[in-house]
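Visitor: Attaching a predicted model along with its sequence, questions to come.
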2 protein chains.
Amino acid sequence: MYGLTMKHKTNVDIIDVAIHAGVSPATVSRSFNHPKKVLASTRKRIEKAILQTGYIRNRAAQAIQGKRSGTVGLIVPTLDNAIFSNLIQAFSDEMRKHGFTMLVTTHGYDLNDEYALLRSLLEHRVEGVALIGHDHSEDTYNLLERRNVPVVSMWSYKRNSKISCVGGENDQAGRAIAKHIINIGHSQIAVAFPNVEENDRARDRKNGVLKYLSENFIEVPDYWQIETAYSVQDARKSAAKMFENHPRPTAVITGNDVIAQGVIYAAQAKGLNVPNDISVTGIGDFSNSASSFPSITTVRMRPNKVGTKAALVLLDRINGDREAYPTRIKVSVEVKSRESTKSI
Amino acid sequence: MYGLTMKHKTNVDIIDVAIHAGVSPATVSRSFNHPKKVLASTRKRIEKAILQTGYIRNRAAQAIQGKRSGTVGLIVPTLDNAIFSNLIQAFSDEMRKHGFTMLVTTHGYDLNDEYALLRSLLEHRVEGVALIGHDHSEDTYNLLERRNVPVVSMWSYKRNSKISCVGGENDQAGRAIAKHIINIGHSQIAVAFPNVEENDRARDRKNGVLKYLSENFIEVPDYWQIETAYSVQDARKSAAKMFENHPRPTAVITGNDVIAQGVIYAAQAKGLNVPNDISVTGIGDFSNSASSFPSITTVRMRPNKVGTKAALVLLDRINGDREAYPTRIKVSVEVKSRESTKSI
DNA sequence: AATAGTAATGCAAACGTTTTCATTTAATGT
DNA sequence: ACATTAAATGAAAACGTTTGCATTACTATT
């Protein structure tokens, strides 16, 4: 017989374990996948054999059966800043709780690249895919539909979305913050948003803001419409340029908290006090927004909740009815008034 | 024959493609894995067949051969804040460039959990694994060695590390920033670090700082040794408490830029000017540290470079000699003096 | 103690590729 | 045109699981 630890066989397989435990491979397999179908005592013997042999099951061989791969794919624009980190962490935690490992990929806001990533995830036979938002290439949508992949879109709710989604209404978020700013007396208002092409979240927010302002007879002149990348650095630079060359607004409404932070820094660097000299708002309510100084007035989009819920929706799809209609969960948005804004 | 698009067969396999292209499955396989081994014209025919059938190759079936799975695993403490985001993005980009998809997992600074994650990654037969730092459980090290997994540790250089590593010397980083602070005249110095158990990066930094200070006859009293989690929020809170209850230092040296940001906010919230009333330093040089206001004096640890290099080291291992000695790449560290510090 | 019914296990055929080896086809030199 | 060599392709045996079906071992019932 064997000693306590097995001879150094490099690749222990299920058969080795079976022999060791004196059962058939089928039983070992079952003890992984349907534990209650195997006698507690045999299971114990198998577990011991696993320990002794140092066996690590091969998910690839499992995946090949066409059922479980134990993985889900996540496609996000970027990992490089705070925007998605809360969301991703929450999604990842929930998925792991259910035994899934996450394949993560980024496309840098390039939707053609996103399609390529989706293909690559499908090559790995992920059991489901999570995406951000609703702007995706036609190829992407076709592929998802054609292969009937369980999928969920995170970050924005859309009434008639083709695929399941979990998120807030971005246009409402925009309207809400615009309303707040007007309510506290501002009318000299600048906006700072990223490029909204291929980015429905930003587009909806921006439209929401501008529309609401316009409905209230406030038009934002071009020189107060700042375009910036999603980074503190770029936002600060763009805002600084605006401050330099144009009359100063009393408030800046930005597309998210990262941009807001950049704008705040730009103002401070110019010697302005936020909020006394100028108010700044974000959207998102990322984890730092409440603890910065000044803390940022923003719209709470509940990234953690979105991530968790989205995971659950996806799991439902994976385990349940593939033909069901999209599940759409609307996460309420709410203005969080903090120190970065002040009434006039 | 077939029409332009294939009948809706749900799971097209390599055999369908082969038939469609009038070749054997072997040739289709080769056209993926060794393209130059198949005639250009046949390859073209195969590609057309792939398009027509909507075939997506099955990496699981490939992985089962024991060779390529096309995946690498990444295990980080958290995705939830800026600390690792630059690093991860860089690592991910480089890996993708080489055709790998990344399985990402987080353990929340729990090293036993890390071991479980490693097992799970190995179940998926990742071709290599990247970890953070050198504090890992014995089980983790044993498993890596036993299975001879290509592995790289990121974020800290260690002269005699068991496994390959890419990073800066954290104790040197600590010494460097302490030196800088002393050089500009400070002697009333507080420090703010996370719990350093199971975290060699933080430990080395903290030791470096305290040791250098001590060598220069500066002792940091207990009430100036702040312990905080890795978050702006917690750092701000801890620093605020210290400001409240104890004499004010002229400088605070912190364990990383996130903590530094929290301390700066705490100071500002108390009406202090950074750096006029108090200097604050970070370590890391994350992407926002140069663009915040005040910009943060820190030690550049080059997260992007570390991520990229680490990917290359790992790829080398994957493709090359598994028995080779660890590759250790030291990334130079350098103090970046910015606005958050001032000489006394 | 015999029988029916259920629970536990084993057998063997998939799953979709890759790769070695053998064979066919094309290219080259005379 | 023919032989020689190299290039391209095909046939078939893996790879390590899972699972439907068949079998055996238990439990409960009379």
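Guide: Perfect, I can see it now.

Visitor: For chain A, which segments count as helices?
Guide: Assignment of helices within chain A using DSSP state H yields the ranges A:14-21, A:25-33, A:40-53, A:59-63, A:82-97, A:111-123, A:138-147, A:170-183, A:200-215, A:232-245, A:257-269, A:303-319.

Visitor: Quick check: which of those is buried the most?
Guide: helix A:257-269 (a mean of 27; mean count of other CB atoms under 10 Å in any protein chain shown). C-betas here are computed from N, CA, C, even on glycine.

Visitor: For that one, enumerate the helices and strands it packs against.
Guide: helix A:82-97, strand A:189-193, helix A:232-245, strand A:251-254, strand A:279-281 (3 or more CB pairs under 8 Å, 6 or more residues apart in numbering or on different chains; DSSP states H and E).

Visitor: The first one versus helix A:257-269: what angle between them?
Guide: Yep, that's helix A:82-97 we're talking about. 150 degrees (axes from the mean of the first three to the mean of the last three CA atoms, to 10 degrees).

Visitor: near chain B, anything from helix A:82-97?
Guide: Yes - Helix A:82-97 lies within reach of chain B by CB under 8 Å from any CB of the partner chain, at A:Ala82, A:Ser85, A:Asn86, A:Ile88, A:Gln89, A:Ser92, A:Asp93, A:Arg96.

Visitor: nearest residue to A:Val191 other than its sequence neighbours?
Guide: In this structure, A:Val191 finds its nearest non-sequential neighbour in A:Ile253, 5.0 Å apart by CB to CB, 6 or more residues apart in numbering or on different chains.

Visitor: To clarify, my last question referred to A:Leu122.
Guide: B:Ile56 is the one closest to A:Leu122 (CB to CB, 6+ apart), at 5.0 Å.

Visitor: For that neighbour, grab the count of nearby residues.
Guide: 21 (other CB atoms under 10 Å in any protein chain shown).

Visitor: For it, give its distance to B:Asp16.
Guide: 12 Å (CB to CB, to the nearest Å).

Visitor: again with A:Tyr141
Guide: Distance from A:Tyr141 to B:Asp16, by CB to CB: 24 Å.

Visitor: Equivalent analysis for A:Ala26, please.
Guide: A:Ala26 is 30 Å from B:Asp16, by CB to CB.

Visitor: Output stretch A:292-303 as CSV - backbone C-alpha positions only.
Guide: C-alpha atoms of stretch A:292-303 as CSV (Å, rounded to 0.1, in the frame of the first residue of the first chain):
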residue,chain,number,x,y,z
SER,A,292,-13.1,63.3,1.0
PHE,A,293,-12.9,66.9,2.1
PRO,A,294,-15.1,68.5,1.2
SER,A,295,-17.2,65.4,0.9
ILE,A,296,-18.9,65.2,-2.4
THR,A,297,-22.6,65.9,-3.1
THR,A,298,-23.5,63.2,-5.5
VAL,A,299,-26.2,60.8,-6.6
ARG,A,300,-26.1,57.5,-4.9
MET,A,301,-26.1,54.7,-7.4
ARG,A,302,-25.4,51.9,-5.0
PRO,A,303,-22.6,50.2,-6.7
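
Visitor: Report the residue spans of the stretch 1-150 of chain A with pLDDT below the cut-off.
Guide: A:1-10 (pLDDT under 70).

Visitor: Mind pulling up the pLDDT for A:Ala324?
Guide: pLDDT, A:Ala324: 79.

Visitor: so what's the residue nearest to it when sequence neighbours are not counted up against?
Guide: Of all residues not flanking A:Ala324 in the chain, A:Arg317 sits nearest, at 7.5 Å (CB to CB, 6+ apart). Taking CB atoms under 8 Å, 6 or more residues apart in numbering or on different chains, we find A:Arg317 in contact with A:Gly128, A:Pro150, A:Val151, A:Val152, A:Ser164, A:Ala324, A:Thr327.

Visitor: hmm, back to that, quick one, which of the helices and strands packed on helix A:257-269 is nearest to DNA strand D?
Guide: helix A:82-97 (18.8 Å; CB to the nearest atom of the strand).

Visitor: For the closest one, enumerate the helices and strands it packs against.
Guide: Going by 3+ CB pairs under 8 Å, 6+ apart, helix A:82-97 lies up against strand A:71-76, strand A:101-106, strand A:151-156, helix A:257-269, helix A:303-319, helix B:82-97, strand B:101-106.

Visitor: Please tabulate those in a markdown table, including the columns distance to DNA strand C.
Guide: Compiled in a markdown table, those are given as follows (distance: least, CB to the nearest atom of the strand, whole Å):
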| stretch | distance to DNA strand C |
| --- | --- |
| strand A:71-76 | 16 |
| strand A:101-106 | 18 |
| strand A:151-156 | 21 |
| helix A:257-269 | 41 |
| helix A:303-319 | 18 |
| helix B:82-97 | 19 |
| strand B:101-106 | 15 |
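
Visitor: A:Tyr212 is in contact with A:Asn183, isn't it?
Guide: No - using CB atoms under 8 Å, A:Tyr212 makes no contact with A:Asn183, being 11.1 Å away.

Visitor: Those residues of the stretch 51-200 of chain A touching DNA strand D, which are they?
Guide: Contact residues, the stretch 51-200 of chain A versus DNA strand D (CB under 7 Å from any atom of the strand): A:Tyr55, A:Arg57, A:Asn58, A:Ala61, A:Gln62, A:Ile64, A:Gln65, A:Lys67.
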